[in-house]
Every structure is written in structure tokens, then in C-alpha cells.
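>>> let's see this in three dimensions:
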Amino acid sequence: MVNKIKGFSWAAVFALVGLATGAVQAQDTAMAPLDPPQDVKVAYVPIMKFATMYVAEERGLFDKYGLNVDLERVKSGTEAIAFLTQGTVDVGGIAIVTSLWSGWNKGLDIRIIAPGALEPMENSPTKLVVRKALLDDGTVKSAADLAGRRVAVAGGPGSGGEYLLAKGLERGGLTIRDVEPMNIANPDMPLAFENGSVDAAIAGSPYADQIIGAGHAAVLESDLTPGLMTVAFVGSGKLVNDRPEVAERFVLALTEAAALMQGDDYLASENLAAYLTYTNSTEEALRAGSPVIYDTEMKIPVNGLADIEKTHRENGRTEYTDPLDLSNAVDERFTEAARKALGL
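Residues are numbered from 1 along each chain as shown. All right, here's what the predicted structure looks like:
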């Protein structure tokens, strides 16, 4: 029989003590808003892979942690990298390209502080497609049969597209040296297949669907890099070294935003408004397309980054030949602090 004191059981007392202890622990790990609020300037490429930031801004999560965030669109990641290096912006939303690896090898003082969107684990919209005539007549049966053939990839040498091509060719025992890569912009790929000027390509949505739908190509390999991070939030040296408390709260807001973008909530009205404010997309396109994948724990996939670096290095796209120390490129303090604050 449970003892009671003035109508309360010991079990109830212990439960209340436990709740109080939990509240204290939660208070200890939560991040208080910065007072006075701190300014954060961000240069970003306006694509959906950075949508956690758009949601954090529009739904007041940056304000919640005492951050005045100024989002400035740029035309390319290269432009953002220049601003980061100069210290004129605090954060860049950029793709991980070869110039970054070479820069980090030389001591470039910027660091990946959080992931952007990830490649889906299955049904990725980015595929290795081959001209349908080559598949139909048996000339190309697998990636191994692309040796010596013209393969289109947007971005050229050292680009994210070239990395994806390397992963597709790897399934046939080939490297990019075994094919003739052609730098063709994504919007120009449908015409290149129509006139037969390319044999295969790395193509993403909506261009892959357009080429396949027109009957000019078929899928040769898909789901090339499940869970891969090809874009990231990168902090300047001034931010990560001199204002780590600001970086912590910036990443915490991104992490909370990711939780608001899962499942059916991906297209919640508040989120749609944020997407449309900061990208050139339309509501129709967002509803018709596959949801972009955001990690609710905001873990930086270091192993995937290591593979990107290794692939570009072995393909001769970097200015160095020895493996890069990834601590020169990644700072996981801020994602770890966010998970701790949220009890993840």
C-alpha cells in the first residue's frame, strides 16, 4: 500500500519532483535569446535546398533567439564564397564545389556549420539517363557501356554534377576519364538529347522528366547518392571564431524549422509563404514536385563529404593530392549544441 501525506501519495510526490527536475534540466540546456539582438547577414542562392532558413525567418525562429537576420540573394555560390572570405557576410548558403576543397587546403577560414537539404534515400529526381535509341538497340546495357561516349553534366569540371556522374559511372567500373564529359546547362539538355548531340547525362527535375517524357532518353542509373549533402550553410571565420553564440542560435533556429517541414507540414501555408518569398518557384511547382529532404537532427554527413572530396581529388579536380583534413572544412559544434538544446 502506498503511503500518503495529507492526501498525496509518495508516488505523486516523486512524480512532481521528477517533473521539476526535468524542467530545470530543460532550462539548463535551452538557449536564451541574445540581448541585445545580434545582426546576421546571409548570402544565399535562392533554391529550395536552403528552405529551413526561409522558414526560420518567416516563422519568427530567428527572432526567438535574438537574431536579426538579413537574407541577401546572390547569383552563385562563388559570389557568396567571396563575401564570406572578405567577412562581409556571416553565413553563406552554397553548394560544395571543388574550389572550396582547394581553398580549405590553403587555410580558407570558413566552415560548414549546418547541412542544407539532403538527397532522398530513394526516388531521387536526379538520374543518369541515356539516349533511348542506344538502350533500345542494345548498344548501352549498363553504365559500363558508356566508355568513350559523350555525357552531359551541368557545371563542368569539379561541379556537383560531375561528382554525381562519377558515382553513376562507378557502378560500371568507369571514371570520368573513361567518358567525354560535356558541360551543358540543365535547360539545354532536352534539345541535346533531341538532336542526338549527347549519349547520356546527369539530369535533375524537371529536365530528366522532360527528356524521358519526350521519348528521347531512359533511366540508366538512379539514387546515385542517397542521403548526400551537396549544399550547406557555411559560416565565416569571424562568425565561428568570434561570435560562436550567434552561430549556435542560427543553427538552432534552422533545426527547429526542419521539424516544422516534415510530412504533410512540408506544404503548410506558413511554409509555402516562406518558400515563395525566397525562391523563384511557384505554388503549383512546389505542390507538384517531390518534397525536399531536411534532417530534423541537422547532422552534417561528414562521411559523404569525405567521399566528395576524395572523388574530386582522385579525378584531378583539386589543387592538391593528399587527403584533406576535414576539420579544416567542418565545424560540428553548432549542430551538436542545437541537438542538446532540443533534447535530440
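>>> so which residues of the stretch 101-250 of the chain form strands?
Taking DSSP state E, counting those that start in this stretch to define them, one finds strands in the stretch 101-250 of the chain at 110-115, 127-131, 150-153, 180-183, 200-203, 217-221, 231-236.
>>> please parse the protein into its domains.
38-118+228-342, 127-221 (automatic domain parsing).
>>> before we move on, the earlier item: deepest of the strands of the stretch 101-250 of the chain, which one?
Highest mean neighbour count among the strands of the stretch 101-250 of the chain (mean count of other C-beta atoms under 10 Å): strand 200-203, with a mean of 30. C-beta coordinates here come from the backbone N, C-alpha and C atoms, glycine included.
>>> what comes into contact with it?
126-131, 140, 146, 149-154, 161, 164-165, 168, 179, 184, 186, 189, 192-193, 211, 217, 220 (C-beta atoms under 8 Å, 6 or more residues apart in numbering).
>>> quick one: that strand to chain centroid distance?
The chain centroid and the centroid of strand 200-203 are separated by 21 Å under C-alpha atoms, centre = their mean, to the nearest Å.
>>> avg pLDDT for stretch 119-138?
Stretch 119-138 comes out with an average pLDDT of 91.
>>> pull out the buried residues from that stretch.
119-120, 124-135 (16 or more other C-beta atoms under 10 Å).
>>> closest to residue 198 out of these?
residue 131 (7.2 Å; C-beta to C-beta).
>>> name the residues linked to that closest one by a beta bridge.
Going by DSSP bridges, residue 131 is paired in beta bridges with residue 217.
>>> which residues touch it?
140, 193, 196, 198, 199, 200, 216, 217.
>>> sorry, back to before: just tell me which of the domains of the chain ends up closest to residue 31.
domain 38-118+228-342 (5.2 Å).
>>> what about that closest one, start to end distance?
22 Å (C-alpha to C-alpha, to the nearest Å).
>>> now it, how far from the chain's geometric center?
That offset, for domain 38-118+228-342, works out to 7 Å (C-alpha atoms, centre = their mean).
>>> hang on, the earlier thing: save the strands of the stretch 101-250 of the chain as TSV, and put in distance to residue 63 too.
Converted to TSV, those look like this (distance: least, C-beta to C-beta, whole Å):
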stretch	distance to residue 63
strand 110-115	18
strand 127-131	40
strand 150-153	41
strand 180-183	43
strand 200-203	40
strand 217-221	45
strand 231-236	18
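>>> nearest to residue 341 among those would be which one?
That would be strand 110-115 among the strands of the stretch 101-250 of the chain, by C-beta to C-beta, at 13.8 Å.
>>> that closest one packs against which elements?
Counting contacts by 3 or more C-beta pairs under 8 Å, 6 or more residues apart in numbering; DSSP states H and E, strand 110-115 is packed against helix 77-86, strand 231-236, helix 244-259, helix 333-342.
>>> ok, the second one: who's next to it in the sheet?
Sheet pairing for strand 231-236, assigned by DSSP bridges, gives strand 91-95 (antiparallel), strand 110-115 (antiparallel).
>>> least confident of these, on average?
strand 91-95 (a mean of 92).
>>> show me what counts as buried in it.
91, 92, 93, 94, 95.
>>> widest-spaced pair of these?
Across these (C-beta to C-beta), the longest gap, 14.5 Å, separates 91 and 95.
>>> returning to that earlier point: now distance to residue 32 too, for the domains of the chain, in JSON lines please.
Output for the domains of the chain, formatted as JSON lines (distance: least, C-beta to C-beta, whole Å):
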{"stretch": "domain 38-118+228-342", "distance to residue 32": "8"}
{"stretch": "domain 127-221", "distance to residue 32": "38"}
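>>> quick check, residue 270 in contact with residue 59.
Yes - Residue 270 is in contact with residue 59 according to C-beta atoms under 8 Å; the separation is 5.7 Å.
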